[in-house]
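In: Next comes the sequence, and after it the predicted model I'd like to discuss.
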Number of protein chains: 2
Amino acid sequence: MTLRHSPREGSARRIGGEIPDATIARLPVYQRVLAALAESHVVIVSSEEIAAASGVSSANVRRDLSHLGSQGTRGVGYHVSSLLAHVTQALGISSERPVVIVGAGHIGTALAAYQGLPSRGFRVVGVLDISVDRVGSPVADSAQMRVRPLTDLEAVVREGSARIGVIATPGAAAQYVCERLVQAGVRSILNFAPVTLAVPQDVEIRQVDLAVELQILAFHEQRRTVTIPECSA
Amino acid sequence: MTLRHSPREGSARRIGGEIPDATIARLPVYQRVLAALAESHVVIVSSEEIAAASGVSSANVRRDLSHLGSQGTRGVGYHVSSLLAHVTQALGISSERPVVIVGAGHIGTALAAYQGLPSRGFRVVGVLDISVDRVGSPVADSAQMRVRPLTDLEAVVREGSARIGVIATPGAAAQYVCERLVQAGVRSILNFAPVTLAVPQDVEIRQVDLAVELQILAFHEQRRTVTIPECSA
DNA sequence: CGGTGTGAACCACTTCACAGCA
DNA sequence: TGCTGTGAAGTGGTTCACACCG
């Protein structure tokens, strides 16, 4: 589990919607599952089936879907294409969302090269790096976009109208880059650097730390080993 | 928040420990913060300070630390080095945990090259890929380890005694790789492929999907834009 | 029937507020 | 005095179980 919601005084007077955070985090998964079903020309699907394909309980699926004014048919199930449309709409992926990526190391490049982004509504408007070795080289093999120098950050954000930024730099640079992004107008940041960023409260941060994920796994692994053999459930 | 705890019938009769999942997810962060403080020769730290550096409330920090039989001093704070030792111990990072990585694309390479792993108790015992283009090339610039063919998977797991595996392949290959990992004895899997993996209940999965993280950010971004100006809190 | 939608119970985690102690 | 540790209250999310309906 990644951390970070705006923990404090958040919930800025939710007006219309009212979809729980936990549900939101699952919507993209449902979207993926439904898209795959649509691809396979499946017309109707039950909450049980969605559940199996998403790793969530069926009751939870129904509850989640009910939050978006559910369109299921009792005794039958959900109409795949119409449900997919609803989920997609709820996620706001009608338009192309411009994203700027800072750091052209492995992670930054991975994201920039990720084929799945356009179909999910994102467009990478720029990849920046401070290293002269990387600046000017193609963002991905066989891509026409080239890595730009960090000095172009404000220009890239402005020209691309980016409101979402990704920090894929070493930890030491992250806070500095973060401030420049915020200054340039970015309001949502996905941070891969292993540091806690300080930001104004109207900026949302999501933190993904690869080592942390491994450590959580390791903890359970350890407990499993320590928790003695006998007395298996 | 990443998904996936073993949701169902998990809680395999917890015996000694009893540390909540949410706390476990934060321990690595505290560890990082404490390590930085120790580096700076700070001797004593308060829950308030840890909170600020971790992006958590101070009450939450105290509660979390109390779960590991806390060693704070009332009216003073926590002794950095001893607390760090406790946290590290709780995370079970006394020993080197072998990890096998499948997929030598950007993400797999990023993880393999990540400097922070050894200090967190991990050792990458092998990076595998199916592509002949990648097999045999160095795992990272200036690393002596080389990418091995997927056919070596069982051998690498066995020789390295890996119990933790990382799947950094395209989605289509993930379930197949997953099954081979489990078959080979891996019990904990970190999955970067955008698919839900089916595994026996005694195998733990953690899912990290870069596009999903972006979509969650985008949702809030959208709501912010839609939720009209006036009536600001 | 069979599967959705949902009140109600349940559970896990967080926050409050303060007693207790160096 | 000041900060930890923790009962008690609060919050948010999940699961149960069943009424409802195509």
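Out: Now that the structure is in, tell me what you want to look at.
In: For the closest residue to A:T109 other than its chain neighbours, give me its contacts.
Out: Nearest-residue entry for A:T109: B:H106, 5.2 Å, with adjacent residues in sequence omitted and distances by CB to CB, 6 or more residues apart in numbering or on different chains. Where C-beta positions appear, they are placed from N, C-alpha and C, glycine not excepted. Listed by CB atoms under 8 Å, 6 or more residues apart in numbering or on different chains, the contact set of B:H106 reads A:H106, A:I107, A:T109, A:A110, A:A113.
In: Kindly recompute the last result at 7 Å.
Out: A:H106, A:T109, A:A110, A:A113 (CB atoms under 7 Å, 6 or more residues apart in numbering or on different chains).
In: can you give me the helices in chain A?
Out: With helices called from DSSP state H, chain A shows them at A:21-39, A:47-54, A:58-67, A:80-91, A:106-113, A:116-119, A:153-160, A:171-184, A:210-226.
In: how about those, which one is nearest B:G160?
Out: If you check each of the helices of chain A against B:G160 by CB to CB, helix A:210-226 wins as the nearest, at 14.5 Å.
In: How about the closest one and DNA strand C, touching?
Out: No: between helix A:210-226 and DNA strand C, judged by CB under 7 Å from any atom of the strand, nothing touches; the nearest distance is 11.9 Å.
In: Which of the contacts of B:H106 ranks first by neighbour count?
Out: With neighbours set by other CB atoms under 10 Å in any protein chain shown, the maximum within the contacts of B:H106 is found at A:T109, which has 28 neighbours.
In: domain ranges for chain A?
Out: If the domains of chain A are taken from automatic domain parsing, they occupy A:14-90, A:97-212, with pieces of a single domain joined by a plus sign.
In: want to throw these into TSV with mean pLDDT?
Out: Below are the domains of chain A laid out as TSV (pLDDT from 0 to 100):
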stretch	mean pLDDT
domain A:14-90	94
domain A:97-212	96
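In: I'd like to know how many residues surround the nearest residue to A:S57 once chain neighbours are set aside.
Out: Counting by CB to CB, 6+ apart, A:S57 lies nearest to A:A51, which is 5.9 Å off, once chain neighbours are set aside. Counted by other CB under 10 Å, the residues lying close to A:A51 total 18.
In: Starting from A:R206, give me the distance back to A:A51.
Out: Spatial separation of A:A51 from A:R206 under the definition CB to CB, to the nearest Å is 25 Å.
In: Pairing partners for the strand ranked longest in chain A, with directions?
Out: The strand that spans the most residues within chain A, counting by DSSP state E, is strand A:122-129. Strand partners for strand A:122-129, identified by DSSP bridges, are recorded as strand A:97-102 (parallel), strand A:148-149 (parallel).
In: A:T23: how many residues sit nearby?
Out: 17.
In: The one 10 residues further on now?
Out: By the criterion of other CB under 10 Å, A:V33 has 25 neighbours.
In: re earlier: centre of the chain to the longest strand of chain A, how far?
Out: Mean-position distance between strand A:122-129 and its chain equals 15 Å (CA atoms, centre = their mean, to the nearest Å).
In: go on, stretch A:36-54?
Out: Using CA atoms, centre = their mean, the offset of stretch A:36-54 from its chain centre is 22 Å.
In: same thing with stretch A:132-146?
Out: 24 Å.
In: got it, and stretch A:135-154?
Out: Going by CA atoms, centre = their mean, the spacing between the C-alpha centre of stretch A:135-154 and its chain's C-alpha centre is 22 Å.
In: what does that stretch contact?
Out: Stretch A:135-154 is contacted by residues A:104, A:109, A:112-113, A:126-130, A:134, A:156, A:180, A:184 when judged by CB under 7 Å, 6+ apart.
In: residue contacts, A:D202?
Out: Residues in contact with A:D202 (CB under 7 Å, 6+ apart) are A:R187.
In: what pairs with the spatially most central residue of chain A across the strands?
Out: Centre of chain A computed as the mean C-alpha position; nearest residue by CA atoms, centre = their mean is A:L190, 7.8 Å away. Beta-bridge partners of A:L190, counted by DSSP bridges, are A:V166, A:R206.
In: Do I have it right that it meets B:L214?
Out: Yes: the pair A:L190 and B:L214 qualifies as a contact (CB atoms under 7 Å) at a distance of 6.1 Å.
In: and of the contacts of stretch A:135-154, the nearest to B:L65?
Out: Each of the contacts of stretch A:135-154 was scored against B:L65 by CB to CB, and A:R180 proved nearest at 34.6 Å.
In: what's near enough to touch the closest residue to A:A35 other than its chain neighbours?
Out: Ranked by CB to CB, 6+ apart and with sequence neighbours excluded, the top spatial neighbour of A:A35 is A:L84, at 6.3 Å. With contact taken as CB under 7 Å, 6+ apart, A:L84 is in contact with A:Q31, A:L34, A:A35, A:A38.
In: Burial check on the last one, number of neighbours?
Out: Think A:A38. Quick note: A:A38 (other CB under 10 Å) scores 16 neighbours.
In: and if you look at the second one?
Out: The tally of other residues near A:L34 (other CB under 10 Å) stands at 25.
In: since we're on A:P200, how many residues are nearby?
Out: The number of residues packed around A:P200, counting by other CB under 10 Å, is 7.
In: dump the residue contacts of the residue nearest to it when sequence neighbours are not counted.
Out: Nearest residue to A:P200 in three dimensions, chain neighbours excluded: A:V182, at 6.7 Å (CB to CB, 6+ apart). By CB under 7 Å, 6+ apart, the contact list for A:V182 reads A:V199, A:P200, A:V203.
In: Distance-wise, check the closest residue to A:S119 other than its chain neighbours relative to A:L91.
Out: Of all residues beyond its chain neighbours, the one nearest A:S119 is A:A35 (8.0 Å), with distances taken as CB to CB, 6+ apart. According to CB to CB, A:A35 stands 12 Å off from A:L91.
In: From the neighbour counts alone, determine which of the two ranks first.
Out: When neighbours are counted by other CB under 10 Å, A:L91 comes out ahead of the other of A:A35 and A:L91, with 21 against 17.
In: Contacts only, for the more buried one.
Out: The neighbours of A:L91, taking CB under 7 Å, 6+ apart as the test, are A:L27, A:P28, A:Q31, B:Q215, B:A218, B:F219.
In: got the residues you listed as a markdown table, with neighbour count and distance to A:F122 columns?
Out: Output for these, formatted as a markdown table (neighbours: other CB atoms under 10 Å in any protein chain shown; distance: CB to CB, whole Å):
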| residue | neighbour count | distance to A:F122 |
| --- | --- | --- |
| A:L27 | 23 | 15 |
| A:P28 | 24 | 12 |
| A:Q31 | 22 | 13 |
| B:Q215 | 25 | 8 |
| B:A218 | 24 | 7 |
| B:F219 | 22 | 13 |
